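>>> Sequence plus the predicted model coming up.
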Amino acid sequence: MAHPFLSGEWRRNPLATGLIGLALGLLLAYGIGLWQRHAALVERDTAHQTALAAQAAEKASLNARLAELETALATADARIALLRTRLGVQRALTDLDQRNFGTANERLKAAATVLQAADPALLGIEPPVLAGVREQMMATHLVVASDLEAQRLGLLELAARLEALDP
């Protein structure tokens, strides 16, 4: 006698047919579930990669904007240093007119120190030109004199040179 499965007798047994149908249905449902899960994971991975690319582009844009703002800040700081230097020379000129020679010298040296902080490249000035103005400021020494005209003209020339440097 042959085995019932091989002889085809199982087809007549409704329980065996039902169990086999149920097993095939479960396998089919499991396969469909795996396929749907894989499709959902691929879709989610694609969305995640798109979001990461958008974040990277935004970060690059923000970094470029940050670099631009840092350059603008450095340029503004250099221009402020130049303006403070001009103000220091004007105050030294006022102190000279009031015969405050020591204060005028101190203001002139302080203005030269402030000018050293200015970056000539950011101001669009040749470095030797700015260095020459600074050296002239450091070399200027105001002394007590009855005739202040020569010293006053020297400070006015210095102020004019500084004003010419302002972009």
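That came in fine, so what should we check first?
>>> Report the rounded mean pLDDT for stretch 27-37.
If you average the pLDDT over stretch 27-37, you get 87.
>>> Buried residues, it. List them.
The neighbour-count check on stretch 27-37 (16 or more other Cβ atoms under 10 Å) flags nothing as buried. Yep, even glycine has a C-beta here, placed from its N, CA and C like the rest.
>>> can you check stretch 64-73 too?
Counting neighbours by 16+ other Cβ under 10 Å, one finds that stretch 64-73 has no buried residues.
>>> for stretch 79-88, same thing?
Of all the residues in stretch 79-88, those buried under the rule 16+ other Cβ under 10 Å are 79, 81-82, 84-86, 88.
>>> got a markdown table for those, with secondary structure too?
Formatted as a markdown table, the entries for the buried residues of stretch 79-88 read as follows, by DSSP: H, G, I helix; E, B strand; the rest coil:
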| residue | secondary structure |
| --- | --- |
| R79 | helix |
| A81 | helix |
| L82 | helix |
| R84 | helix |
| T85 | helix |
| R86 | helix |
| G88 | helix |
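>>> As CSV, these with pLDDT and distance to L158 would be great.
Converted to CSV, the buried residues of stretch 79-88 look like this (pLDDT from 0 to 100; distance: Cβ to Cβ, whole Å):
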residue, pLDDT, distance to L158
R79, 92, 18
A81, 92, 16
L82, 91, 13
R84, 94, 14
T85, 93, 10
R86, 92, 10
G88, 93, 10
